[in-house]
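Participant: Provide a 3D model corresponding to the input given below.
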Amino acid sequence: PLHTHHHPLLIFTDPLAFFSLGSYDTMTQTLVNVRIQCGNNLLASDPNGLSDPYCIVKLGKQKMKTKTVKKSLNPIWEETLVFSVFDIPSTIYIEVRDYDFLNSDDYLGSATCELDLDRSQSSYVVALQGVRPGKKEYTGITGTVGFTVEIVLES
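Facilitator: Have a look, this model is predicted:
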């Protein structure tokens, strides 16, 4: 038995303790596999007319990034980022940046996409918008990113 009469709120300070309570046994963790496949017609950010692009992916409060593909405007990442969530967010945010060794990385565009939560696997191609919130760096579409999302319910 739980002895909570001294500190009735104590059990709720640890989120894992909260999920281990009997009535929450049905709460399952869900894996969301985001496979970033490729980019097309990205902006050239470096003097050589190319970029060294990588993707930042945000799903809910979690953020992950892909490896950098050197010297390409049409990078092939083919990289799977695995997010573990209790509630699947309805949108995904993808941002592409150009890796710079000495300076801060250049912003190449971003997109927010509605996820099809009725299907366990879906493919997407998103058009990157070139204007960062609050800035006026580029206008219009600055390339595309193709990716798939696979939803795996943990048993």
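
Participant: show me where this structure has strands.
Facilitator: Ranges of strands within the chain are 30-40, 53-59, 62-65, 76-85, 91-98, 106-114, 121-129, 141-153, based on DSSP state E.

Participant: The shortest one - which strands sit beside it in the sheet, and in what orientation?
Facilitator: Using DSSP bridges, the neighbouring strands of strand 62-65 in the sheet come out as strand 53-59 (antiparallel).

Participant: can you put the strands of the chain in TSV and add mean neighbour count, mean pLDDT and distance to residue 46?
Facilitator: All C-beta spots, glycine's among them, are computed from the backbone N, C-alpha and C. Shown next, in TSV, are the strands of the chain (neighbours: other C-beta atoms under 10 Å; pLDDT from 0 to 100; distance: least, C-beta to C-beta, whole Å):
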stretch	mean neighbour count	mean pLDDT	distance to residue 46
strand 30-40	18	96	15
strand 53-59	22	98	10
strand 62-65	14	97	19
strand 76-85	15	96	18
strand 91-98	20	96	7
strand 106-114	19	93	8
strand 121-129	16	94	17
strand 141-153	18	93	15
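
Participant: Now do the contacts for residue 63.
Facilitator: 56, 57 (C-beta atoms under 8 Å, 6 or more residues apart in numbering).

Participant: quick one: it from residue 75, how far?
Facilitator: To residue 75, residue 63 is 19 Å away according to C-beta to C-beta, to the nearest Å.

Participant: now residue 83
Facilitator: Remark: distance between residue 83 and residue 75 (C-beta to C-beta) = 21 Å.

Participant: My guess is residue 95 contacts residue 112. True?
Facilitator: No. At 9.7 Å, residue 95 does not count as touching residue 112 under the criterion of C-beta atoms under 8 Å.

Participant: quick one, what contacts residue 66?
Facilitator: Counting by C-beta under 8 Å, 6+ apart, the residues that residue 66 touches are 36, 54, 55, 57, 77, 79, 81.

Participant: So which of these is the closest to residue 70?
Facilitator: Closest approach to residue 70 among those (C-beta to C-beta): residue 54, at 10.2 Å.

Participant: quick one, what contacts the closest one?
Facilitator: 65, 66, 67, 68, 69, 77, 96, 97, 99.

Participant: Show the pLDDT at the last one.
Facilitator: Okay, so that is residue 99. On pLDDT, residue 99 comes in at 96.

Participant: Chain neighbours aside, what residue packs nearest to residue 80?
Facilitator: Distances taken as C-beta to C-beta, 6 or more residues apart in numbering place residue 35 nearest to residue 80, at 4.6 Å, with adjacent residues excluded.
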